[in-house]
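Q: here are the coordinates; sequence isn't available:
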């Protein structure tokens with residue numbers, strides 16, 4: 001079945017002009033019969049501007065809480081799929097909903113002749129008692145004519161807000177309101193592990209807790225910063241469990 005889909009995709013892509021990423025992703029979604037609630041993005045490959053990076057996320061046929069991910073390099077001149085990586089069950093959408101992907105082509109230079117690109121994923125849950133927003137990044141490289149994931153599901157942004165009675169404000173009716181926001185930035189280190197540059201991760205977290213004390217709103221704020229170095233183990237970058245989604 002996969003061979004049939006890829007063959008159809010190749011045939012259909014060969015009929016496009018490829019300069020327009022929107023047209024490309026629209027066409028890919030039609031070829032793969034994606035419903036309207038599926039997610040995809042594309043960007044010109046900064047390493048080779050004759051190619052387009054395409055990312056497609058689609059729910060599994062028998063399990064709509066799991067999304068498969070296709071990562072492709074497509075030749076913009078003839079529409080041929082140059083490289084294709086399929087990741088089954090790449091994203092889970094359950095109590096916290098998977099809500100989209102974007103391609104990140106920042107300068108992730110992991111080796112003198114090797115530049116990675118990222119795929120960022122968004123997850124969110126917004127209920128009356130609890131709100132959660134999470135953003136992750138995974139890094140991919142094209143090496144030896146193959147696409148490979150070298151960093152998986154690193155949390156770059158995390159926001160959580162819980163409140164006792166559904167009111168997102170400090171008021172006489174609320175007992176507590178707790179907010180936590182963590183932002184992380186990724187940079188390339190000068191040091192290397194197994195031939196790949198180490199990754200420098202800087203983290204800033206702000207916690208706010210609001211309580212009513214004698215009919216007066218009291219807000220306690222704490223701020224913390226942390227730094228991490230992620231090392232390549234010869235296959236992937238090792239990410240601590242607390243930083244991985």
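A: Noted; the coordinates are in hand. These figures come from a predicted structure and were not determined experimentally.
Q: quick one, strands of the protein?
A: 39-44, 51-60, 63-75, 81-92, 97-111, 114-126, 130-143, 146-163, 176-193, 196-213, 216-230 (DSSP state E).
Q: For the shortest one, name the packing helices and strands.
A: Yep, that's strand 39-44 we're talking about. Under the contact definition 3 or more C-beta pairs under 8 Å, 6 or more residues apart in numbering; DSSP states H and E, strand 39-44 sits against helix 21-31, strand 51-60, strand 97-111. Where C-beta positions appear, they are placed from N, C-alpha and C, glycine not excepted.
Q: okay, the ones you listed, which one's buried deepest?
A: Most buried of those, by mean neighbour count (mean count of other C-beta atoms under 10 Å): strand 51-60, with a mean of 21.
Q: Settle this for me: residue 70 is touching residue 42, isn't it.
A: No - when contacts are counted by C-beta atoms under 8 Å, residue 70 is not listed as touching residue 42 (11.5 Å).
Q: Overlap of the contact sets of those two?
A: 54, 55 (C-beta atoms under 8 Å, 6 or more residues apart in numbering).
Q: just to revisit the earlier point, just name the most buried of the strands of the chain.
A: Buried most deeply of these, by mean count of other C-beta under 10 Å, is strand 51-60, with a mean of 21.
Q: thinking again about what came up before, got JSON lines for the strands of the chain, with mean pLDDT and distance to residue 26 too?
A: Listed next are the strands of the chain as JSON lines, based on pLDDT from 0 to 100; distance: least, C-beta to C-beta, whole Å:
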{"stretch": "strand 39-44", "mean pLDDT": "90", "distance to residue 26": "9"}
{"stretch": "strand 51-60", "mean pLDDT": "92", "distance to residue 26": "11"}
{"stretch": "strand 63-75", "mean pLDDT": "91", "distance to residue 26": "14"}
{"stretch": "strand 81-92", "mean pLDDT": "93", "distance to residue 26": "17"}
{"stretch": "strand 97-111", "mean pLDDT": "96", "distance to residue 26": "16"}
{"stretch": "strand 114-126", "mean pLDDT": "95", "distance to residue 26": "19"}
{"stretch": "strand 130-143", "mean pLDDT": "94", "distance to residue 26": "23"}
{"stretch": "strand 146-163", "mean pLDDT": "93", "distance to residue 26": "22"}
{"stretch": "strand 176-193", "mean pLDDT": "92", "distance to residue 26": "31"}
{"stretch": "strand 196-213", "mean pLDDT": "92", "distance to residue 26": "34"}
{"stretch": "strand 216-230", "mean pLDDT": "91", "distance to residue 26": "36"}
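Q: Nearest to residue 243, out of those?
A: strand 146-163 (5.6 Å; C-beta to C-beta).
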